[in-house]
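Visitor: Just to be clear, the model below is a prediction. Sequence and coordinates:
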Amino acid sequence: MKRLGKVSHYAKQGFLILRTDWVPSLNDPVVDKKLTVVGVVKDVFGPVKRPYVAVKPRVRNPENYVGALLYVDSSRKKSGHARKGRPGRKGSKGRGKRPAPRKRG
């Protein structure tokens, strides 16, 4: 768990805006000091040395988090996309190769 920063304000667009000393990855889960998931990182903008971070909240009253310290919890980050179907099988649902396109004219 790494400190992200203090929430400066709640924007009209529905994002919690905070300032940080490092650049988090997009879609990183953001938690508070009680390890409650507050939201996810949706945008990083501003100067390189001290960027701003926009967090899309996943809580009922995000205005209550103004002035609170938030953290990035890397242990909650989801790994890549899970494939459905049988392991070791190429293609989707056993349809085989796609036919060549027809010539026109």
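Guide: Alright, I've got the coordinates.
Visitor: separation between the residue most central in space within the chain and Arg102?
Guide: The C-alpha lying nearest the average C-alpha coordinate of the chain belongs to Asn27 (C-alpha atoms, centre = their mean; 1.1 Å). Look at Asn27 and Arg102: by C-beta to C-beta, to the nearest Å, they are 41 Å apart. For the C-beta atoms, the positions are set from N, CA and C on the backbone; glycine is no exception.
Visitor: circling back to that earlier point, which SSE is the residue nearest to the centre of the chain in?
Guide: Under DSSP states H and E, no helix or strand contains Asn27.
Visitor: Which residue comes closest to it once chain neighbours are left out?
Guide: Leaving aside its chain neighbours, Asn27 sits nearest to Val40 (5.3 Å; criterion: C-beta to C-beta, 6 or more residues apart in numbering).
Visitor: Remind me what the helix or strand where the one you found lies packs against, helices and strands.
Guide: Element membership of Val40 [criterion: DSSP H and E] is strand 37-45. Contact partners of strand 37-45 among helices and strands, from 3 or more C-beta pairs under 8 Å, 6 or more residues apart in numbering; DSSP states H and E: strand 29-31, strand 52-57.
Visitor: Leu16 is nearest to which of those strands?
Guide: For the helices and strands packed on strand 37-45, the distance to Leu16 is smallest for strand 52-57, at 4.3 Å, taking C-beta to C-beta.
Visitor: Not counting its own residues, what contacts that closest one?
Guide: Strand 52-57 is contacted by residues 4-5, 7, 11, 14-20, 24, 30, 38-46, 65, 70 when judged by C-beta atoms under 8 Å, 6 or more residues apart in numbering.
Visitor: give me that answer again for 7 Å
Guide: 4-5, 15-20, 24, 30, 38-46 (C-beta atoms under 7 Å, 6 or more residues apart in numbering).
Visitor: Now a ChimeraX select for only the buried ones of those.
Guide: This is the ChimeraX syntax for the buried subset of the contacts of strand 52-57, where burial follows 16 or more other C-beta atoms under 10 Å:
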select :4,5,15,16,17,18,20,24,30,38,39,40,41,42,44
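Visitor: Just want the angle from the strand holding Val40 to strand 52-57.
Guide: In this structure, strand 37-45 runs at an angle of 150 degrees to strand 52-57, with axes from the mean of the first three to the mean of the last three C-alpha atoms, to 10 degrees as the basis.
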